[in-house]
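S.K.: Pasting the sequence and the predicted model now:
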Amino acid sequence: MSTPTRSIEARSTRRRRADESGFTLVEVLIAIVIAMIGLLGTVAVQSTILSATQNAGDAAIAGRLASRTVEELGARTAFSPVQDRLAAIANGAWSVTTFADANGVTSPILTPQFRFSRQFRVTNMGNAQPYNISVQVGYALDSGTPKTLQIDIERRKAW
């Protein structure tokens, strides 16, 4: 009689071990859900990083376009101190908006290639006073939120 008792105990021990080994379906599903949440978080962070990189690139291009415009306007007085070449455009009003591409080539109309708006203003502060030069470059990504970079400088008169 002791033999049947041992085999019943052995069978129940084997059954318990079989029940305890491996994972249940619920455990596997919970692990998959947690992994998916982590993966979605990683994708969201990557998307944000790509957007920030594009925005930083556009800001750098806008800064370069604004600096180039300031240099072009400043060059009008640098090489000709006898003749005031800024006086003709120093009316204090913003210029007509032109659109530029990343290389500074301009166009009168906004297109996907020419997506940086650029305008400037030159103000004569009076006799023996400097010119005030302001340059604005606007840009927007696919989000549609417009951003503007503005540079203001004074250009001393050489006479």
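M.R.: Arrived safely.

S.K.: okay, now the closest residue to Ile109 other than its chain neighbours: neighbour count?
M.R.: Of all residues not flanking Ile109 in the chain, Phe99 sits nearest, at 6.5 Å (CB to CB, 6 or more residues apart in numbering). Placement of C-beta: from N, CA and C, glycine included. By other CB atoms under 10 Å, the residues close to Phe99 number 18.

S.K.: Would you mind measuring from Phe99 to Leu86?
M.R.: From Phe99 across to Leu86, the span is 24 Å (CB to CB, to the nearest Å).

S.K.: follow-up on the earlier one: which ones are touching the residue nearest to Ile109?
M.R.: Each residue near Phe99 by CB atoms under 8 Å, 6 or more residues apart in numbering is listed here: 106-111, 114-118.

S.K.: Among these, name the buried ones.
M.R.: Using 16 or more other CB atoms under 10 Å as the burial test, those include 114-118 as buried.

S.K.: What is the most widely separated pair among those?
M.R.: For the buried ones among the contacts of Phe99, the maximum inter-member distance is 10.9 Å, found between Arg115 and Arg118 (CB to CB).

S.K.: What is the helix or strand hosting Val70 packed up against?
M.R.: For Val70, the host element (DSSP states H and E) is helix 25-78. Helix 25-78 makes packing contacts with strand 116-124, strand 131-139, strand 147-155 when contacts are defined by 3 or more CB pairs under 8 Å, 6 or more residues apart in numbering; DSSP states H and E.

S.K.: what is the orientation angle of the second one with strand 116-124?
M.R.: Which is strand 131-139. 170 degrees (axes from the mean of the first three to the mean of the last three CA atoms, to 10 degrees).

S.K.: Figure out how far strand 131-139 is from the centre of its chain.
M.R.: With CA atoms, centre = their mean, to the nearest Å as the basis, strand 131-139 stands 20 Å off its chain's centre.

S.K.: in it, what counts as buried?
M.R.: Buried residues in strand 131-139, defined by neighbour count with 16+ other CB under 10 Å: 131-139.

S.K.: which one of the residues you listed is nearest Thr69?
M.R.: The closest of these to Thr69 turns out to be Val135 (CB to CB; 4.6 Å).
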